[in-house]
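In: Fold the following for me, if possible:
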Amino acid sequence: MVDTTPLTQAVDHFADRLRAAPQSRLQRSAAAEALALARELSRRAQAVEEPGTEPREMPDAGMFAVADQILVAAHDLALVLRNDDEVGEAVRLVEEARGRAGV
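Out: Residues are numbered from 1 along each chain as shown. Now for the predicted structure:
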């Protein structure tokens, strides 16, 4: 079994920062970055779980829901990651999105 702790920690940190961010920060870019990340993590999980099918897009549930959306998407992805390189790639995606979000 692959240790997905680094992914869990990175996503928890990002989600905590989103929840603490002021609404103005969420409106400027943070929520959009988080939603894009949630959609990418979800797409990657679906590609492993259902190869050859068109991935479903995670809906926009609003700026106050994006923290939960990245947690759900990361959890789904963590269940299908097969090796440390895949975990590292997912962590990189989370950290880059957090940097772009400015939180």
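In: For Ala10, what is the enclosing helix or strand?
Out: helix 5-20 (DSSP states H and E).
In: In that helix, which residues are buried?
Out: Buried residues in helix 5-20, counted by 16 or more other Cβ atoms under 10 Å: 7-8, 10-11, 14-15, 17-18. Just so you know, the C-beta spots here come from the backbone N, C-alpha and C atoms, and that holds for glycine as well.
In: for the record, mean pLDDT for that helix?
Out: Averaged across helix 5-20, pLDDT comes to 97.
In: Who are the packing partners of that helix?
Out: When contacts are defined as 3 or more Cβ pairs under 8 Å, 6 or more residues apart in numbering; DSSP states H and E, helix 5-20 sits against helix 31-49, helix 66-78, helix 84-101.
In: please redo it, this time with the cut-off set to 7 Å
Out: Helices and strands touching helix 5-20, by 3 or more Cβ pairs under 7 Å, 6 or more residues apart in numbering; DSSP states H and E, are helix 66-78, helix 84-101.
In: Specify the angle between that helix and helix 31-49 in degrees.
Out: Angular relation of helix 5-20 and helix 31-49 on a 0 to 180 degree scale: 150 degrees, by axes from the mean of the first three to the mean of the last three Cα atoms, to 10 degrees.
In: residues in contact with Leu71?
Out: Listed by Cβ atoms under 7 Å, 6 or more residues apart in numbering, the contact set of Leu71 reads 11, 15.
In: again, only this time at 8 Å
Out: For Leu71, the contact set (Cβ atoms under 8 Å, 6 or more residues apart in numbering) comprises 11-12, 15.
In: Quick check: it vs Thr8, distance?
Out: 9 Å (Cβ to Cβ, to the nearest Å).
In: now swap in Met58 and tell me
Out: 19 Å.
In: Work out the gap between the worst-scoring helix or strand of the chain on mean pLDDT and the centre of the chain.
Out: Every helix and strand in the chain was compared by mean pLDDT, DSSP states H and E; the lowest is helix 23-25, with a mean of 94. Centre-to-centre, helix 23-25 and its host chain are 19 Å apart (Cα atoms, centre = their mean, to the nearest Å).
In: swap in stretch 8-17?
Out: Distance, stretch centre to chain centre, for stretch 8-17: 9 Å (Cα atoms, centre = their mean).
In: Sweet, I'm off.
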